[in-house]
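> Got a predicted model here, sequence first, then my questions.
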Amino acid sequence: MTKVLYPGSFDPITKGHMNIVWQASNLFDEVIIAVMQNPLKKTGFFTLKERMEIIKELYQKVNNVKIICASGATADVALLYECKAIIRGLRSLSDYDYEVQLQQMNKEISNNKINTICLFADKEYQFISSSMVKEVFNLDKNISRYVDKIVEEKMLKKQRSLIK
């Protein structure tokens, strides 16, 4: 069984992320989505628990997608879950430069046991990022092109609860 790890903060999970999961789930026996806290960002829109719940709801009927919450080095998480590789999504050339560095570090940390596989989101999703979605959302603009309906509803619900 070939398992791969798809790590990210997924705050929120976008249609671009979902496109990468769809591609990976058609290539590998199991895709493990690792919801992780980005140590460079102090707070997120959703808590880790909320992100996990949303992603579990999105993939409840997909048999070969598993969702976990993880921390620490991504390579260590991949080894812990017996993954053969780490999946990363690419949007642009600037992503590529960062991903090359990350892949080299993960390979080094894992003693050459973990490879990185980069997948390109379909063209209609290549410009989407979680940061951009949050920015557009905070400007009270429609985000339905960028996130699943479930995600949009959860964001609206959270926004209403924060206003109260």
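Yep, it's here. Numbers count the residues shown, from 1 in each chain.
> end to end, how far does stretch 52-68 reach?
End-to-end distance of stretch 52-68 (Cα to Cα, to the nearest Å): 7 Å.
> distance between that stretch and the chain's centre?
Using Cα atoms, centre = their mean, to the nearest Å, the distance from the centre of stretch 52-68 to the centre of the chain it belongs to is 12 Å.
> which residues touch it?
By Cβ atoms under 8 Å, 6 or more residues apart in numbering, the surrounding residues in contact with stretch 52-68 are 10, 12-13, 18, 21, 25, 28-35, 46, 69, 77, 81, 148, 150-151, 154. C-betas here are computed from N, CA, C, even on glycine.
> Can you name the element that comes right after the strand or helix carrying V21?
Element membership of V21, judged by DSSP states H and E, is helix 15-27. Heading C-terminal from helix 15-27, the first helix or strand you meet, by DSSP H and E, is strand 30-36.
> what lines up beside that following strand in the sheet?
Strands that pair with strand 30-36, judged by DSSP bridges, come out as strand 3-8 (parallel), strand 65-70 (parallel).
> Please pull out the lowest mean pLDDT helix or strand from this protein.
Every helix and strand of the chain was ranked by mean pLDDT, DSSP states H and E. The lowest is helix 93-109, at a mean of 90.
> Cool, thanks, talk later.
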